[in-house]
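A.B. asks: Turn this into a structure:
(one chain, ligands or ions: 1)
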Amino acid sequence: MKTDVWGSVQDRLRDDLGADAYKNWIEPLVFEGFEANVARFKAPTGFLGNWVSRNYSDKIQMLFSEHGADVARVEFATSVAKKAVAANGSAGKAPKVAEPVAQSRATGSPELPGAPLDARFTFDAFVVGKPNELAHAAARRVAEGGPVTFNPLFLYGGVGLGKTHLMHAIAWEARRRNPDARVLYLSAEQFMYRFVQALRFKDTMSFKELFRSVDILMVDDVQFIAGKDSTQDEFFHTFNALVDQNKQIVISADRAPGEIDGLEERIKSRLQWGLVVDLHPTDYELRLGILQTKAESQAQHYPEVSIASGVLEFLAHRISTNVRVLEGALTRLYAFASLVGREVTLDVAQECLADILRATDRKVTIDEIIRKVADHYNIRMTDILSPKRARAVARPRQVGMFLAKTLTSKSLPEIGRRFGGRDHTTVIHAVKKIEELRSVDSQIAEDVEMLRRMLEA
Ligand SMILES: Nc1ncnc2c1ncn2[C@@H]1O[C@H](COP(=O)(O)OP(=O)(O)OP(=O)(O)O)[C@@H](O)[C@H]1O
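C.D. replies: Numbering: from 1, shown residues only. The predicted structure follows:
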């Protein structure tokens, strides 16, 4: 009877926690039975037991009681550490490790209790362009395995530029190539949390064993551990131990190692040992490529939705840098169009995404436009603002007004005022003039395009 109850509780846990969390945390547990109102489990490592105890014991207790087995407590004891399965072909050399054996047997691949991987974040789904080609190539190299050539691979870049996507892609690909590879992906925050837990439960041995037994360790957002001294210390030792064993490490952060304040110098220097690559802000072509790829996959969910030509281009122009926002915009467009049953025209897109477009507008300011235009045409900013009408100054001024109208949400009178106190009709004239010239004068078209890119970069 006892195992039946546990079986039902397991089913509920699988539904409630999701397959990944269930696999990582619950499957490795062995239910030993009830003893004086206590439900007893064996966990393969102290670390795993502590984690489950802290995060899920209330839930497990509640589910037991829902299934007619009232217990006062749920307890997790650690089973004796087992020899690790040789994971990378180095049979016999594998360190002693407490490993979630039940799980590895069940799936045929020894998984580690890392953060769940997003099934969408694969190399296939990653669109490569100039700004991210080096990061992508380095990530691919790591995923292919073979001799470790750069350690660590350090990926950095601004918000939503694909760091996490690339790390998950490495994990998927490495596992595809070698189902036995022990790949551990987690955020620096989770690393710290686990370490603190290990300290709290006086079980740092299991923690160390776990982290030192992987083939690929990936830690996302490492800037998080800046200023956290004991976590940094442990991270440093883990890092060195893995490098010594020639195991691959992949780290991401929002800044280059040297720029992370509060990170110990010795860690900064270790992080710079390997290959440091940055993901640059996206450019127009990459954004358009990403939108086209994502639109194709959205189209599978919403076959009834059609997107008018020019809409993706418009979004790629207007929503710069952050891919997450770009994706969100597209998802919203599809959902909206599917609900209201209308084709997504430019007007529909503008209306539906007004808030996002407003928010991204703020990035380009009129001052910046004036400065960049002055630089580009090699004239002074004061010339642009002056009453001078000479062509060499008037044309750049018109280009500036055109850019202000198309890249910001400022009104015509406001733009006129900022360009040296001019009337709004002057701005209308300038916008029209540049629109006309762009189609007949390739130099103007190029100037406008180049300035727009610089401003949006
Ligand atoms: N080149 C790309 N091709 C396809 N999708 C991309 C690309 N770059 C980013 N994305 C998508 O953008 C979203 C944000 O990417 P990701 O989470 O990897 O960003 P990040 O750099 O880790 O950001 P953060 O600093 O916020 O953690 C994800 O949905 C990801 O799939």
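A.B. asks: right, and L17 touches W25 too?
C.D. replies: Yes. In this structure, L17 is within contact of W25 by CB atoms under 8 Å, at 7.5 Å. C-betas here are computed from N, CA, C, even on glycine.
A.B. asks: Compare the two and say which one has the larger neighbour count.
C.D. replies: Taking other CB atoms under 10 Å, L17 and W25 do not tie; W25 has more neighbours (21 against 17).
A.B. asks: what's the distance between that one and T45?
C.D. replies: From W25 across to T45, the span is 11 Å (CB to CB, to the nearest Å).
A.B. asks: residues in this protein within reach of the ligand, list them.
C.D. replies: 121, 125-127, 132, 157, 159-165, 254, 290, 323-324, 327 (CB under 6 Å from any ligand atom).
A.B. asks: Need the overlap of contacts for L17 and W25.
C.D. replies: Counting by CB atoms under 8 Å, 6 or more residues apart in numbering, the residues touching both L17 and W25 are Y56.
A.B. asks: and stretch 298-308, what's its mean pLDDT?
C.D. replies: What stretch 298-308 shows for mean pLDDT is 89.
A.B. asks: end-to-end on it?
C.D. replies: End-to-end distance for stretch 298-308, by CA to CA, to the nearest Å: 15 Å.
A.B. asks: Show me where the protein has its strands.
C.D. replies: Counting by DSSP state E, one finds strands in the chain at the ranges 30-35, 38-43, 73-78, 153-157, 183-187, 216-220, 248-253, 275-279.
A.B. asks: Can you give me the separation between E304 and V340?
C.D. replies: Distance of E304 to V340, given as CB to CB: 11 Å.
A.B. asks: got it, and G289?
C.D. replies: Taking CB to CB, one finds G289 at 28 Å from V340.
A.B. asks: Of these two, give the one with the bigger neighbour count.
C.D. replies: Each of G289 and V340 has its neighbours counted (other CB under 10 Å); G289 has more, 17 against 10.
A.B. asks: which residue packs closest to the more buried one, ignoring adjacent ones?
C.D. replies: Among residues not flanking G289 along the chain, V127 sits closest, at 4.6 Å (CB to CB, 6 or more residues apart in numbering).
A.B. asks: so where's the stretch 151-300 of the chain shaky on pLDDT?
C.D. replies: For the stretch 151-300 of the chain, no stretch has pLDDT under 70.
A.B. asks: Kindly recompute the last result at 90.
C.D. replies: 158-159, 180-181, 193-194, 196-207, 209-212, 261, 273, 280-284, 297-300 (pLDDT under 90).
A.B. asks: Residues touching the longest helix along the chain, excluding its own?
C.D. replies: If each helix of the chain is counted by residues according to DSSP state H, the longest one is helix 46-66. With CB under 8 Å, 6+ apart as the test, helix 46-66 has contacts from 5, 8-9, 12-13, 16-17, 25-26, 28-29, 39, 41, 43, 70-71, 73-78, 98, 100, 113, 194, 197-198, 200-201, 203, 205-207, 210.
A.B. asks: Which among these count as buried?
C.D. replies: 5, 8-9, 13, 17, 25-26, 28-29, 39, 41, 43, 71, 74, 76, 78, 98, 100, 113, 194, 197-198, 201, 203, 206-207, 210 (16 or more other CB atoms under 10 Å).
A.B. asks: Dump stretch 325-337 to PDB, restricted to CA.
C.D. replies: Extracted C-alpha coordinates of stretch 325-337, given in PDB (Å, rounded to 0.1, in the frame of the first residue of the first chain):
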ATOM      1  CA  VAL A 325      11.100  42.500 -26.900                       C
ATOM      2  CA  LEU A 326      11.100  41.800 -30.600                       C
ATOM      3  CA  GLU A 327       9.800  38.300 -30.000                       C
ATOM      4  CA  GLY A 328       7.200  39.500 -27.600                       C
ATOM      5  CA  ALA A 329       6.000  42.000 -30.200                       C
ATOM      6  CA  LEU A 330       5.600  39.300 -32.800                       C
ATOM      7  CA  THR A 331       3.800  36.900 -30.400                       C
ATOM      8  CA  ARG A 332       1.400  39.600 -29.500                       C
ATOM      9  CA  LEU A 333       0.700  40.500 -33.100                       C
ATOM     10  CA  TYR A 334      -0.100  36.900 -34.000                       C
ATOM     11  CA  ALA A 335      -2.300  36.400 -31.000                       C
ATOM     12  CA  PHE A 336      -4.100  39.700 -31.700                       C
ATOM     13  CA  ALA A 337      -4.600  39.000 -35.400                       C
END
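A.B. asks: for it, which positions count as buried?
C.D. replies: Those would be 325-327, 329-330, 333-334, 336-337, for stretch 325-337 by 16+ other CB under 10 Å.
A.B. asks: now, which of those residues sits nearest the ligand?
C.D. replies: E327 (5.4 Å; CB to the nearest ligand atom).
A.B. asks: Now do the closest one, the pLDDT please.
C.D. replies: In this model, E327 carries a pLDDT of 92.
A.B. asks: which residues touch it?
C.D. replies: 290, 294.
A.B. asks: If you check the stretch 251-400 of the chain against the ligand, which residue is the closest one?
C.D. replies: Proximity of the stretch 251-400 of the chain to the ligand (CB to the nearest ligand atom) peaks at V323, 3.5 Å away.
A.B. asks: Against L155, how distant is the residue positioned nearest the centre of the chain?
C.D. replies: Within the chain, the residue whose C-alpha comes closest to the C-alpha centroid is T164; the distance, by CA atoms, centre = their mean, is 3.4 Å. Distance of T164 to L155, given as CB to CB: 9 Å.
A.B. asks: Residues that sit against both of those two, list them.
C.D. replies: Residues touching both T164 and L155 (CB under 8 Å, 6+ apart) are S252.
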